[in-house]
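*Asks:* everything below, folded, please.
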Amino acid sequence: MVRLRVALYICLIATAGLTLVGGPYLMKLVREGSLAPIWILSAPILFGIFFLFFAMDEIFKTSKGNGAYKPMLAPLLFGVLLLAFLLPGRFREYEARKMPAVASYAFFKTLASSKDARVRALVMVATCALESPEEWMSLIRTGLADADPLVQDAARFAIRERAGMGIQDDTEPDENPDEDAVPKANLTNLLVTAKKSLP
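*Replies:* Coordinates of the predicted model:
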């Protein structure tokens with residue numbers, strides 16, 4: 001039993017060191033594409049497993065000691081703080097590395113569900129990079145139906161940029177479109193549909 005505890009303590013210290021010291025290096029390798037994104041979570045997850053066994057062991061020794069054994073509060077507090085501070089950031093980094101290819105429909109679709117209205121608005125503007133009119137229109141409808149006016153305005157801007165036509169309240173094309181805009185006749189029907197969706 002003593003040997004098992006010593007092995008547990010060694011694993012606990014090793015994974016804590018790997019989490020703190022090796023974590024940034026692992027993230028660097030993942031960002032460079034040398035490792036799979038799951039490696040970002042490997043050290044914290046291993047530390048969490050060993051810390052769980054350590055906490056259970058401390059509880060077991062305390063319960064059997066009839067009050068004579070005092071649990072090691074410092075390591076327990078350290079483990080809880082380490083997991084609380086590191087895990088959220090590592091999970092965000094993992095999710096970012098698992099994002100679909102940039103400028104793809106899946107990429108924009110994922111970002112369009114962000115809680116930040118500024119991110120959703122930027123997605124509306126960036127959707128002009130999509131080649132498929134159907135995929136573009138699907139995202140634009142989402143933006144036009146958004147509860148935030150910032151996102152709605154961004155969707156209207158994206159329509160003007162994509163179709164080369166302005167959006168008027170009377171649903172008529174802008175008589176003076178921007179000179180830099182490139183008209184696209186095959187998007188006219190999509191433009192009319194979008195304008196009917198406007199509040």
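
*Asks:* low-confidence regions, this structure specifically.
*Replies:* For the chain, residues meeting the criterion pLDDT under 70 lie at 1, 65-71, 99-103, 164-199.

*Asks:* domains of it?
*Replies:* 2-97, 105-196 (automatic domain parsing).

*Asks:* the residue nearest to Arg118 when sequence neighbours are not counted - how many residues pack around it?
*Replies:* In space, and not counting its chain neighbours, Arg118 is closest to Leu150: 7.1 Å by C-beta to C-beta, 6 or more residues apart in numbering. All C-beta spots, glycine's among them, are computed from the backbone N, C-alpha and C. If you count neighbours by other C-beta atoms under 10 Å, Leu150 ends up with 14.

*Asks:* which element is Leu150 on?
*Replies:* For Leu150, the enclosing helix or strand under DSSP states H and E is helix 149-163.

*Asks:* now do that helix: which elements does it pack against?
*Replies:* When contacts are defined as 3 or more C-beta pairs under 8 Å, 6 or more residues apart in numbering; DSSP states H and E, helix 149-163 packs onto helix 117-126, helix 133-144, helix 188-196.

*Asks:* tabulate those helices in a markdown table, adding columns for mean neighbour count.
*Replies:* Output for the helices and strands packed on helix 149-163, formatted as a markdown table (neighbours: other C-beta atoms under 10 Å):
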| stretch | mean neighbour count |
| --- | --- |
| helix 117-126 | 18 |
| helix 133-144 | 19 |
| helix 188-196 | 16 |
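
*Asks:* tabulate the ones you listed (JSON lines), appending distance to Phe53.
*Replies:* Compiled in JSON lines, those are given as follows (distance: least, C-beta to C-beta, whole Å):
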{"stretch": "helix 117-126", "distance to Phe53": "40"}
{"stretch": "helix 133-144", "distance to Phe53": "46"}
{"stretch": "helix 188-196", "distance to Phe53": "57"}
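
*Asks:* closest to Leu41 out of those helices?
*Replies:* Of all these, it is helix 117-126 that lies closest to Leu41, at 23.6 Å by C-beta to C-beta.

*Asks:* next, the angle from the closest one to helix 149-163.
*Replies:* Interaxial angle, helix 117-126 versus helix 149-163 (axes from the mean of the first three to the mean of the last three C-alpha atoms, to 10 degrees): 10 degrees.

*Asks:* who are the packing partners of helix 117-126?
*Replies:* On a contact count with 3+ C-beta pairs under 8 Å, 6+ apart, helix 117-126 meets helix 105-111, helix 133-144, helix 149-163.

*Asks:* list the helices and strands whichever helix or strand Leu4 is part of packs on?
*Replies:* With elements taken from DSSP H and E, the one containing Leu4 is helix 2-17. Helix 2-17 sits against helix 39-64, helix 73-97, with contacts defined as 3+ C-beta pairs under 8 Å, 6+ apart.

*Asks:* for Asp57, grab the count of nearby residues.
*Replies:* The number of residues packed near Asp57 is 16, by other C-beta under 10 Å.
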